[in-house]
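**Q** Structure for the following, please:
(chains A and B)
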Amino acid sequence: MDGERYTDVNGKAIALDQRRHASFCTEFTVSSPKVSIGKVMVYTCSVWLLAYAVFFLTDNTAVLSSAIIITLIGMMLYIHLVKVDHESLLVIGSLGVQLSSSYASGRESTSFIEMSKIKDIVINEAVHMHQIIYYLCILLRDPADPSAVSSVVPLFQSSKPKLNCLVKVYKSCQEIISKC
Amino acid sequence: MDQLRKRAARKPAPEADTAASSGPNGRHSICMVSDFFYPNMGGVESHIYQLSQCLIEKGHKVVIATHAYGERKGVRYLTNGLKVYYLPLQVMYNQSTATTCFHSLPLLRCVFVREGITVVHAHSSFSAMAHDALFHAKTMGLNTVFTDHSLFGFADMSSVLTNKLLTVSLCDTNHIVCVSYTSKENTVLRATLNPEIVSVIPNAVDPTDFTPDPSQRQGDRITIVVISRLVYRKGIDLLGGIIPELCLKHPDLHFLIGGEGPKRIVLEEVREKYQLHDRVRLLGALEHRDVRGVLVQGHIFLNTSLTEAFCMAIVEGASCGLQVVSTRVGGIPEVLPEDLISLCEPNVRSLCAGLESVIAGLRSGAYPSPTAIHARVRHLYTWRNVAERTEKVYDRVAGEEVLPLDRRLLRLREHCGPVAGSIFAFLAVVNFLFLLLLQWLFPDQVMDMAVDASGPRGLWGPPKRDTMSAEEAAAPATKAE
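**A** Residues are numbered from 1 along each chain as shown, chains lettered A, B, ... in the order given. Okay, here's the model as predicted:
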């Protein structure tokens, strides 16, 4: 959509797609690259080589068949539960925010947060897996005390875009939120 | 983690780093590292906080790295945008982290790189994290400063070992700061250092926090205040000997003891044995803000420490206008002018004699008023002065060269003996290889540079709602995943 290139915190290229449906309604989609065939090959080969090594020592063919089953089930679980292709954030002024993520298998999970529950959207820092990263999150209002924050919903959890991408999303979100 | 796109294993270039280190108009980026920081309370903690605040005021950039305290982990901001990283490292003993020399490298490197740190300033020789940070900073080619806050012995087994570790840790550190001349002497001997790279910068107190208020004193009695952790090092056993002796002689004498620790039982026993419940009050642990309220109730401040590098407590006591009686140990004789303090030997008889003479002086009104004492003490130790002197250390360090790996190994071998030297030279090599691996896995260029929010000119200065940027909103509710 625009010329700027974005990467995630590990330096992999990601794409940010911004669609303005109306002045009060914007959708952001962050797409991670597809699973690379090289990566699949490496994992499959390593499991099978290991299985073959064990087979060589034990002469038990069950090892080989179980390796095949483990690879297949592992791959299925990975694309169904772990690998996220697109994560999108739909902000509709005065109505709410919809978060959805579509997995590589085609499964989609969607959740919606009402605007009345949202206190603010901010960029924050966290320690994550031996790294310190920026992330975008929604602050939820505490129903008992409107000035307090009850919990935090992190956005773009699996794609983890870098700060320049987060700032762009943040600014558009603030534009919409500040109007209502 | 395993997708490797950029093979940018940049070797640390000390020359480039030192050239960039002072930045425009001598501005340093300093990372204070210590295991001890708020919410833990103590002298080191407040030293780091106050020094950082004054350095920020002078236009430097300061961040603090410490380990996570319970639920307090992740990134927090204090006054003036002072950023504190509470890193999730395992605590082993006495709030000090476990050290393996390596496991803290990924996180500390992340902090150093994303904050653009040029000087790493580690505090306290008890802190394993501080030593780790020095080790990693030297591997990464950053300038290092170390502040020692305590004194050590030489004789027993544990001091022999810690002294050896200190020798190794400090032998290639650029500059060392001690809090008193006694402490300098001690550190130079312990770590076999060149005295020229050791500076003395005393601690300070905030004089506006410790003002006298004679109206809080009770006229019909003389109150002796003791505020310290109730541990062996602070000479609580001596205190246990003093209390019954003096209480017997002076019926109007009261003790007010603030602090908590394993030696509390000694004082409770004394109180029980001599039926002194109405005259010896044990207040338990005190918040720093409550200390002044306790100090102003007293006439005499008693310090019974057996070892002390620089005693902040006696300066606080004197600043509140109390007469100070203290043991003559460590750096204490340097702290206050002679007429404001009575120094005694660290035994019960000498301390009792010292207290007796002060009590007699109080009864006859021989001492200046609390306000007069406060006026003299308030200019002796200020944090601004400490910050100015520390700044000079940074200026000097920024111009120095960080030893490249080969010379660092030679220095370790020469300086620390063949056995320990070789072991640590090996560790330094492994650490360097680990750093190369990390630089390959997570290249420096890929890391987001942290937004600088500190200082009066920082993004968090006077809030401007109309031009609110992402960074301004990043403050509330910091949370670690």
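
**Q** In contact with residue B:191, which residues?
**A** Residue B:191 makes contact with B:163, B:166-167, B:169-171, B:176, according to Cβ atoms under 8 Å, 6 or more residues apart in numbering or on different chains. (Each C-beta comes from the backbone N, C-alpha and C, glycine too.)

**Q** Residue B:283 too?
**A** Under the criterion of Cβ under 8 Å, 6+ apart, the neighbours of residue B:283 are B:256-259, B:294.

**Q** now do residue A:92
**A** Taking Cβ under 8 Å, 6+ apart as the test, what residue A:92 contacts is A:24-25, A:98, A:176.

**Q** What ranges does the stretch 301-450 of chain B have for its strands?
**A** Listed from the start of the chain, the stretch 301-450 of chain B has strands (DSSP state E, counting those that start in this stretch) covering B:323-327, B:341-344.

**Q** what's the residue at the greatest distance from the centre of chain A sitting at in phi/psi?
**A** Here chain A reaches farthest from its C-alpha mean at residue A:59, the gap being 43.0 Å by Cα atoms, centre = their mean. For residue A:59, the backbone dihedrals (degrees, to the nearest 10) come out as phi 60, psi 30.

**Q** What separation do you get for it and residue A:52?
**A** Here residue A:59 is placed at a distance of 12 Å from residue A:52 (Cβ to Cβ, to the nearest Å).

**Q** that older thread, take the contacts of residue B:191 and keep only those in strands.
**A** Judged by DSSP state E, strands contain the following of the contacts of residue B:191: residue B:176.

**Q** And the contacts of residue B:191, which is closest to chain A?
**A** residue B:169 (23.5 Å; Cβ to the nearest Cβ).

**Q** That closest one: what's it in contact with?
**A** B:131, B:134-135, B:146, B:191.

**Q** before we move on, what SS does the residue nearest to the spatial centre of chain A have?
**A** In chain A, the centroid-proximal residue (Cα atoms, centre = their mean) is residue A:158; its distance is 2.6 Å. Local secondary structure at residue A:158 is given as coil here, using DSSP: H, G, I helix; E, B strand; the rest coil.

**Q** ok, the spatially closest residue to it that is not a sequence neighbour to residue A:77 distance?
**A** With Cβ to Cβ, 6 or more residues apart in numbering or on different chains as the measure, residue A:84 is the residue that lies nearest to residue A:158, at 4.1 Å, once sequence neighbours are left out. With distances defined as Cβ to Cβ, the gap from residue A:84 to residue A:77 amounts to 14 Å.

**Q** In terms of neighbours, single out the busier of these two.
**A** Regarding residue A:84 and residue A:77, a neighbour count based on other Cβ atoms under 10 Å in any protein chain shown identifies residue A:84 as having more, with 20 against 12.

**Q** Excluding chain neighbours, give the residue nearest to residue A:168 in space.
**A** In space, not counting the residues next to it along the chain, residue A:168 is nearest to residue A:16; the distance is 6.9 Å by Cβ to Cβ, 6+ apart.

**Q** Repeat that for residue B:189.
**A** Nearest residue to residue B:189 in three dimensions, chain neighbours excluded: residue B:154, at 7.5 Å (Cβ to Cβ, 6+ apart).

**Q** Likewise for residue A:83?
**A** residue A:104 (4.1 Å).

**Q** How about the contacts made by the one you found?
**A** Residue A:104 makes contact with A:34-35, A:78-80, A:83-85, according to Cβ under 8 Å, 6+ apart.

**Q** if I look at it, how far off is residue A:46?
**A** Look at residue A:104 and residue A:46: by Cβ to Cβ, they are 20 Å apart.

**Q** contacting residues around stretch A:12-31?
**A** Residues from elsewhere that reach stretch A:12-31, judged by Cβ under 8 Å, 6+ apart: A:1, A:5-8, A:32-33, A:85-94, A:156, A:159, A:161, A:165, A:168-169, A:172-173, A:176, A:179-180, B:3, B:5.

**Q** ok, 6 Å please
**A** Surrounding stretch A:12-31, the residues in contact under the criterion Cβ atoms under 6 Å, 6 or more residues apart in numbering or on different chains are A:1, A:6-8, A:32, A:86-93, A:156, A:159, A:161, A:165, A:169, A:172, A:176, B:3.

**Q** Give me the subset of those residues lying in strands.
**A** Among those, DSSP E puts A:6-7, A:86-92 in strands.

**Q** Chain A versus the residue lying closest to residue B:409 once chain neighbours are set aside, what's the distance?
**A** The spatially closest residue to residue B:409, leaving aside those adjacent along the chain, is residue B:425, at 4.4 Å (Cβ to Cβ, 6+ apart). Residue B:425 sits at a distance of 26 Å from chain A (criterion: Cβ to the nearest Cβ, to the nearest Å).

**Q** need the contact list for residue B:425.
**A** Residues counted as contacts of residue B:425 (Cβ under 6 Å, 6+ apart) are B:409, B:412-413.

**Q** Could you point out which of the contacts of residue B:283 is nearest to residue B:150?
**A** Nearest to residue B:150 out of the contacts of residue B:283 is residue B:259 (Cβ to Cβ; 17.4 Å).
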